[in-house]
Structure formats: C-alpha cells, structure tokens
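Engineer: Need coordinates for the below:
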Amino acid sequence: MSATKVLRSLLHELRQASPNGCIKESLAARYILAQYKKYETTDQQLCKARNEAVFLGQTYLTYLSSLRNYNELYKEYHGRGERSVKETADVVGFKLPTDPK
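Structural biologist: Sure, this is the predicted structure:
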C-alpha cells in the first residue's frame with residue numbers, strides 16, 4: 001500500500017472515530033500529517049525511515065479499523081440481557097422447526 005493511501009485511510013478512520021466527524025482541530029490528525037511531511041521523499045531518494053513510517057501507519061490503520069469493528073459488534077450483540085430461543089437462533093442463522101397442529 002502506498003504512503004498516500006495509508007494517509008488517506010488513516011484520516012478516514014480518524015473521521016469515523018470522531019464524534020462530530022470533523023478532524024480539522026484533531027491533534028492526532030495534525031501529528032499524522034506532520035509525520036507524513038517529515039518523511040516525504042522524492043523518487044530519487046531512498047529513505048529507510050519512510051518505509052518504516054508507512055509500516056507504522058499501516059499498523060495504526062489496522063488498530064483503528066479493528067477497534068471500530070469491535071465497537072460495532074459489541075453494540076450489536078452485547079447488553080440485551082436474556083434472549084428468547086428464537087432471537088438466539090436468528091443471531092446464529094438457524095431456523096427453528098415449526099410445530100404441526
């Protein structure tokens with residue numbers, strides 16, 4: 001993944017995590033942009049630190065997206081108390097047999 005894609009993905013995840021969706025005054029976004037500019041290189045330069053920065057960015061991106069997915073799953077499946085047999089079967093994708101009358 002290129003450095004630009006990592007940067008855009010990181011900013012997208014920060015926007016998703018922000019309560020109002022705005023990251024203009026976010027310290028995390030400012031730090032990420034500053035680090036991106038710090039390790040910016042041209043095509044004629046070989047910079048090991050830039051590759052390390054891209055790897056670190058990918059690591060942060062994985063962490064942020066995993067945390068968002070965890071919170072979504074937690075909200076969906078936790079805190080409802082006792083469930084009926086039918087609700088539990090619907091969650092796991094089973095169909096209950098019908099009783100013939």
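
Engineer: quick one: the spatially most central residue of the chain and residue 9, what's the gap?
Structural biologist: Nearest residue to the geometric centre of the chain (Cα atoms, centre = their mean): residue 65, 1.3 Å. With distances taken as Cβ to Cβ, to the nearest Å, residue 65 is found 8 Å from residue 9. For glycine as for every other residue, the C-beta is placed from the backbone atoms N, C-alpha and C.

Engineer: Tally up the residues packed near residue 95, please.
Structural biologist: As a burial measure, the neighbour count of residue 95 was computed by other Cβ atoms under 10 Å and equals 8.

Engineer: Need the three-state assignment for it.
Structural biologist: Counting by DSSP: H, G, I helix; E, B strand; the rest coil, the backbone at residue 95 sits in coil.

Engineer: how about the helices in the protein?
Structural biologist: For the chain, the helices defined by DSSP state H cover 3-17, 27-38, 48-77, 85-92.

Engineer: and those, which is most packed in?
Structural biologist: Across the helices of the chain, the average number of neighbours (mean count of other Cβ atoms under 10 Å) peaks for helix 3-17, which reaches a mean of 16.

Engineer: just how off-centre is stretch 52-72 within its chain?
Structural biologist: What separates the centre of stretch 52-72 from the centre of its chain is 6 Å, taken as Cα atoms, centre = their mean, to the nearest Å.

Engineer: Now do that stretch: everything it contacts.
Structural biologist: Residues external to stretch 52-72 that are found in contact with it (Cβ atoms under 8 Å, 6 or more residues apart in numbering): 1-3, 6-7, 9-10, 13-14, 16-17, 32, 35-36, 38-39.

Engineer: Also stretch 1-12?
Structural biologist: By Cβ under 8 Å, 6+ apart, the residues outside stretch 1-12 that reach it are 23, 29, 32-33, 36, 50, 53-54, 57-58, 60-61, 64.
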